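[1] Okay, here's the prediction I keep looking at, along with the sequence it came from:
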Amino acid sequence: MSQPANLVPVNDPRRAVKRHEAGIAAAIQSVLDSGRYIGGPAVAAFENEFAAFLGVSTALGVGSGTDALQLALRACGVQPGDRVATVSHTAVATVAAIELVGAVPVLVDIKLEDYTIAPDGLEQAFRTAQEHPIKAVIPVHLYGHPADMPRVVKLAAEYHAVVIEDCAQAHGAAVAGRKCGAWGKMAAFSFYPTKNLGALGDAGAVVTADKPLASRARLLHEYGWRTRYISELPGMNTRLDPLQAAILSVGLKHLESDNEQRREIARRYTRALQGAPVAVPTAAPSVTHVYHQYVVRTAKRDDLKDHLAKQGIETAVLYPHPVHLQPAYKGRLQQVGSLQNAEQVCKEILCLPIFPELSEAEVERVESALRAWRPVG
């Protein structure tokens, strides 16, 4: 099926680059002029700015979101063979990071309302994990909506587990005014180019308000060095590139206004879908949603996808298969049918275009197409 030349993309990081071209160019030039191409003032500046934005004491730049999760797990003392609870409806990086440290994923189902970890399911996992207690929990703040952090933190404390937040899709999201990343003992962020705060390549950060954990993470992220060439711990090599740090500092200045633009687009889509046979995203009480994705759920998913494609509107399915049903994991984590909500939503969800650089005309096109949709059958 041919598509119109004026396609409305589901995302387009090039537009953000164009919008901030002068600031990005100046930031890159400042790093080139500094002569500091590993670490240096650009990295330190971004780390301080990002920590202040989140309301934590420390942000440590690393090479990717996956590295951030792996580093946080190691800093929190998760060892090979330890059990770590998380969800199956997530980017595979969440589960991959657990296995990279030698730990064992314990997958919990999600809530249909916001696609985040179900506290009742988490409590059941804790109760049944007597022989091998759960050492850590990684709640994933999916699509820009926070997990139920008050309940997750409470449950984890009751069962003596550490909470490490996966904030890869939650830059600026909050619960009761407290930002994602400031709830757990540690948190991991990705700055992949399509994120609400994106770099121009791979980048990530570990954040924490716990000074001993921050010190341990700082050691681990660069070979276990406190003194150069002397490893106190068997560490990693995962560092935030100063060019990416400088670019991220430019983007951080606009993050709050960009998130508000995402919320406005979301409000418009929701109004356009009134009366349609779809579940639209909503924010739980006291939650600040940042709409990394605008995700609808409908049994008529393929019909809606085809309808929008004919109007030149791109969509995406994030994620088409839960982790426990993917070839690399199938049969060795949870079995088919064990996580009913995660398995159901993968058949019904659809992500619509949502990013701050969408033009007014493009948003109107999506609104019009949504209003005109008449599902078959």
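    Cool, the structure landed.

[2] For the spatially closest residue to residue 303 that is not a sequence neighbour, list the residues it contacts.
    Leaving aside its sequence neighbours, residue 303 sits nearest to residue 375 (Cβ to Cβ, 6 or more residues apart in numbering; 4.9 Å). C-betas here are computed from N, CA, C, even on glycine. Residue 375 makes contact with 276-277, 298, 300, 303-304, according to Cβ atoms under 8 Å, 6 or more residues apart in numbering.

[3] and stretch 368-377, how far apart are its ends?
    Stretch 368-377 has an end-to-end distance of 21 Å (Cα to Cα, to the nearest Å).

[4] centre of the chain versus it, how much separation?
    Relative to the chain's own centre, stretch 368-377 is displaced by 30 Å; criterion: Cα atoms, centre = their mean, to the nearest Å.

[5] hang on, the earlier thing: are any of the contacts of residue 375 buried, and which?
    Among the contacts of residue 375, those classed as buried by 16 or more other Cβ atoms under 10 Å are 276, 298, 300, 303-304.

[6] Can you tell me the element the residue nearest to residue 303 falls in?
    Assigned by DSSP states H and E, residue 375 falls within no helix or strand.

[7] Please point out which parts of the host helix or strand of residue 127 sit buried.
    Per DSSP H and E, residue 127 falls inside helix 119-128. Buried residues in helix 119-128, defined by neighbour count with 16+ other Cβ under 10 Å: 119, 121-123, 125-126.

[8] for stretch 13-33, same thing?
    Buried-residue list, stretch 13-33, by 16+ other Cβ under 10 Å: 13, 16-17, 20, 23-24, 27-28, 31.

[9] before we move on, the earlier item: tell me which other helices or strands the helix holding residue 127 touches.
    For helix 119-128, the elements it packs on are strand 83-87, strand 104-108, strand 134-137, helix 149-158, judged by 3 or more Cβ pairs under 8 Å, 6 or more residues apart in numbering; DSSP states H and E.

[10] Quick one: closest of those to residue 115.
    Minimum separation from residue 115 across those (Cβ to Cβ) falls at strand 83-87, 8.5 Å.

[11] Mind checking the pLDDT average for whatever helix or strand comes next after that closest one?
    Downstream of strand 83-87, the first helix or strand assigned by DSSP H and E is helix 93-100. The average pLDDT for helix 93-100 rounds to 98.

[12] what is the orientation angle of helix 93-100 with strand 104-108?
    Using axes from the mean of the first three to the mean of the last three Cα atoms, to 10 degrees, one finds that helix 93-100 and strand 104-108 are set 150 degrees apart in direction.
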